[in-house]
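Enquirer: sharing a model prediction with you, sequence too.
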Amino acid sequence: MPIEAVDLEVRLAGKTVVRRARISAGQGELHVILGRNGAGKTSLLKAIAGLVRPSRGRIIVDGFDVTREKPSRRRLGVVLQGAPLLPAPTVLDHIMLPLIARGVETGEARARAAQVASLVGVDHLLDRRPWRLSGGERQRVAIATALAMGTRNLVLDEPFSSLDPEYRRGLYSLIYRLRGSGYTILVATHILDDLVYTSDTVWVMDGGRIIAHGDPGDIFSPSSPVPGIPGPPLTATIDCGGLSICREMGLEGQASIHYTMLLAVKASHGPRLLGIVKFNGDRVGIVDVDGMILYALASDDVVPGDHVSLVPRSGVLEG
């Protein structure tokens, strides 16, 4: 199990802010810690990252007990909320910083930084000045820098809180791709949005405690034991300009497309299926279409990573 917290407690300024928290995330899984501001999410992530010391409990990463280890020895890539980029001359220099700091030779550091920049989708920004980037670009550069040392575990604290919907969707798409490549990702957020509904496990936190956890289809069901949490929309509000599927469905401008309106079938080329979430007995596919996330019923033979064709489902558009 790449990331585990076992009976973790954290006290800050004499107050217990995390109470007996238990979390586990497997390889290639996306887990979301959901809770309002002040629920204890950030303190929990900081304890896992080694930035605060727990008063009790254990933290295990890739099978090793790292409870007393320094942050740099925990095999975690960490991006905290509002963490500014460092004053590096270029984006390439910024991504190289953790490698150079740990004694990696400059040529190798440059090659590894370029590789992770391509993975995260910022390779076209490598010569840019970090302070000239947009909010979404800064988040991607921060993630690339966190992954530069080769870790396959990523911890993100409120990565979407300051982003507008367009940049947020782009970051969702990046996180789905990283999960599909085998990265274990732990995200803390107070925003009920696409990433929460399509995660492998949701951990609901309140008052420093994990009060519920499970598959999104269970946590967000009408019979959910967690009060105040709505059912999952699995609906994408998109700009139809240039999307052929909109023309096939007779949609224009801004359109809301629910997963029941489309079927994802295997194809030799086309958009990639990023993941599948089970809901109400359906296999709901998460599809990256030109940087926008669409949901569709997934045919039985498709799996994450497949190219798919999106087909309008007959009988669902009437009325």
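Expert: All right, it came through fine.
Enquirer: which SS class is residue 308?
Expert: strand (DSSP: H, G, I helix; E, B strand; the rest coil).
Enquirer: tally of neighbours for it?
Expert: 23 (other CB atoms under 10 Å). For the C-beta atoms, the positions are set from N, CA and C on the backbone; glycine is no exception.
Enquirer: name the nearest residue to it, sequence neighbours excluded.
Expert: Take residue 308 and drop its neighbours on the chain: the residue closest to it by CB to CB, 6 or more residues apart in numbering is residue 264, 4.3 Å away.
Enquirer: so how far is whichever helix or strand that neighbour is part of off the chain centroid?
Expert: Secondary structure from DSSP states H and E places residue 264 in strand 262-266. Centroid separation for strand 262-266 versus its chain: 24 Å, with CA atoms, centre = their mean, to the nearest Å.
Enquirer: which strand residues bridge the residue nearest to residue 308?
Expert: residue 298, residue 310 (DSSP bridges).
Enquirer: name the residues that touch the strand holding residue 264?
Expert: Identification of contacts with strand 262-266 by CB atoms under 8 Å, 6 or more residues apart in numbering yields 245, 273, 285, 287, 294-299, 301-302, 306-313.
Enquirer: report the buried members of the residues you listed.
Expert: The neighbour count (16 or more other CB atoms under 10 Å) marks 245, 273, 285, 287, 294-299, 302, 306, 308-312 as buried among the contacts of strand 262-266.
Enquirer: using PDB, write out every CA atom in stretch 157-165.
Expert: Backbone C-alpha positions of stretch 157-165 (Å, rounded to 0.1, in the frame of the first residue of the first chain) are rendered in PDB as follows:
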ATOM      1  CA  ASP A 157      -3.800  20.100  -0.700                       C
ATOM      2  CA  GLU A 158      -6.700  22.200  -2.200                       C
ATOM      3  CA  PRO A 159      -5.200  22.300  -5.700                       C
ATOM      4  CA  PHE A 160      -8.300  23.800  -7.300                       C
ATOM      5  CA  SER A 161      -9.400  26.500  -4.800                       C
ATOM      6  CA  SER A 162      -8.000  29.400  -6.700                       C
ATOM      7  CA  LEU A 163      -8.600  28.200 -10.300                       C
ATOM      8  CA  ASP A 164     -11.400  29.100 -12.600                       C
ATOM      9  CA  PRO A 165     -13.400  26.300 -14.200                       C
END
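Enquirer: show me the contact partners of it.
Expert: Residues outside stretch 157-165 that contact it (CB under 8 Å, 6+ apart): 41-42, 45-46, 79-82, 135-136, 139, 168, 171, 187-191, 193, 195.
Enquirer: filter those to the buried ones?
Expert: Among these, the ones that count as buried by 16+ other CB under 10 Å are 41-42, 45-46, 79-81, 136, 139, 168, 171, 187-190, 195.
Enquirer: remind me which residues of the stretch 201-319 of the chain are low pLDDT?
Expert: Low-confidence segments of the stretch 201-319 of the chain (pLDDT under 70): 221-233, 314-319.
Enquirer: could you pull out the strands for it?
Expert: 201-206, 209-214, 235-239, 254-258, 262-266, 272-279, 282-289, 292-298, 308-312 (DSSP state E, counting those that start in this stretch).
Enquirer: show me what the first one is packed against.
Expert: By that I understand strand 201-206. Applying 3 or more CB pairs under 8 Å, 6 or more residues apart in numbering; DSSP states H and E, one finds that strand 201-206 contacts strand 15-25, strand 30-34, strand 209-214, helix 216-219.
Enquirer: can you add distance to residue 68 and give those back as JSON lines?
Expert: Output for those, formatted as JSON lines (distance: least, CB to CB, whole Å):
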{"stretch": "strand 15-25", "distance to residue 68": "17"}
{"stretch": "strand 30-34", "distance to residue 68": "23"}
{"stretch": "strand 209-214", "distance to residue 68": "23"}
{"stretch": "helix 216-219", "distance to residue 68": "33"}
